[in-house]
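1. Got a predicted model here, sequence first, then my questions.
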Amino acid sequence: MVYAIRKLWQTLVRYQLAVVVIVFNNGGVYGGDRRNPEEITGPYKDDPAPTSFVPGEAFGGKGYLVGTPDELKSALAESFSLRKPVVINVTIDPYAGAASGRMQHKN
């Protein structure tokens, strides 16, 4: 999936298509890592989660990292006025809601 997204983004930037991609980021697949910080162990436990990366500018587009409704509103307004590819990474609470089909119980 990551490869496909990169190729899509590369095409959008190459042809300067005015597309706004919104990613609702819950920290990972099916709600991300829902463990308490005290439960996470290992050599990489203090590394920041890679979910804060905004790839939009890495390839020549524009990227936003937002966490509130006001930030999203502002990022959308700016995105529509840029007329270039934009990705908006919206961080959401991993505990909010459930995966469609309750997939977490089928893994």
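-> Arrived safely, thanks for sending. Residues are numbered from 1 along each chain as shown.
2. what comes up buried for whichever helix or strand residue 12 is part of?
-> Secondary-structure assignment from DSSP states H and E places residue 12 in helix 2-14. Neighbour counts over helix 2-14 (16 or more other CB atoms under 10 Å) mark 9, 12-13 as buried. The C-beta positions use only the backbone N, C-alpha and C, and glycine is treated the same way.
3. Let's have those in TSV, adding pLDDT.
-> Written out in TSV, the entries for the buried residues of helix 2-14 read as follows (pLDDT from 0 to 100):
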residue	pLDDT
9	80
12	88
13	86
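4. Next, format these as CSV and append distance to residue 63.
-> Rendered in CSV, the data for the buried residues of helix 2-14 read as follows (distance: CB to CB, whole Å):
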residue, distance to residue 63
9, 10
12, 12
13, 11
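5. Identify, from those, the entry nearest to residue 20.
-> residue 12 (10.0 Å; CB to CB).
6. tell me the contacts of that closest one?
-> Residue 12 sits next to 19, 21, 61, 85 when contact means CB atoms under 8 Å, 6 or more residues apart in numbering.
7. Same list, those residues, but as TSV with pLDDT, distance to residue 73 and secondary structure please.
-> Compiled in TSV, the contacts of residue 12 are given as follows (pLDDT from 0 to 100; distance: CB to CB, whole Å; DSSP: H, G, I helix; E, B strand; the rest coil):
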residue	pLDDT	distance to residue 73	secondary structure
19	92	19	coil
21	89	17	strand
61	85	20	coil
85	92	20	coil
